[in-house]
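[1] below are the sequence and a predicted model for it; my questions follow.
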Amino acid sequence: MQYAVIIGTALALLTGMGGYFLYRHLHRRPSQLDGMEGHEFEYFCADLLARRGFYEVEVTKGSGDYGVDILAEKDGVTYAIQCKAYTTPVGVKAIQEVYAGRDYYDRMVGAVLTNQYFTKPAVEAAKKLKILLWDRGYLDEMIEDGD
């Protein structure tokens, strides 16, 4: 019980994205996603996107992919998606990579899909560069909605 009070107090003191991140991080369920290696995660995400109504879903070749792991389309909108299976929060580098890859592949939208969450600088960069951030919570929702 004392642990819950300390966590509650810490959450009350934190504001904005930091508090939200801490809350989401502390309440995360363990998942099979955490044990996947990079390519396995990419194919899992591609399959999930296809089940969620994306079409022409294609996993890129890997090396030399210009920061894009999946190309897809939905409702007439084309996507360049970077997948990150990490054990720590995703930083700015992933945002920069998919930003460049979106233009390279001539796609309308860039997104980063991860089994984790994003650092505050990554969130700020994504807002500025207009990159979608699909974090662990969003991924969990997509999985649950697909079941």
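    That came in fine, so what should we check first?
[2] from now on I want contacts and neighbour counts done on CA atoms only, so please keep to that.
    Fine.
[3] A111 contacts K84, doesn't it?
    No: using Cα atoms under 8 Å, A111 is not in contact with K84; the gap is 10.9 Å.
[4] what touches both of the two?
    None of the residues lies in contact with both A111 and K84 under the rule Cα atoms under 8 Å, 6 or more residues apart in numbering.
[5] for E58, see how far away T88 is.
    Using Cα to Cα, to the nearest Å, T88 is found at 26 Å from E58.
[6] where do the domain boundaries of the chain fall?
    1-30, 31-146 (automatic domain parsing).
[7] mean pLDDT lowest for which of those domains?
    Mean pLDDT is lowest for domain 1-30 out of the domains of the chain, coming in at a mean of 39.
[8] where along the chain do the strands fall?
    Per DSSP state E, the chain carries strands over the ranges 55-59, 70-74, 77-84, 109-114, 131-134.
[9] let me have those in TSV, extended by mean neighbour count.
    What follows is these, written out as TSV (neighbours: other Cα atoms under 10 Å):
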stretch	mean neighbour count
strand 55-59	17
strand 70-74	20
strand 77-84	23
strand 109-114	24
strand 131-134	20
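[10] for the residue most central in space within the chain, give me its contacts.
    In the chain, the residue lying closest to the centroid (Cα atoms, centre = their mean) is L113, at 2.5 Å. Contact analysis of L113 by Cα under 8 Å, 6+ apart lists I81, Q82, C83, K84, L133, W134, D135, L139.
[11] ok, the fifth one to V77 distance?
    The spacing between L133 and V77, counted by Cα to Cα, is 16 Å.
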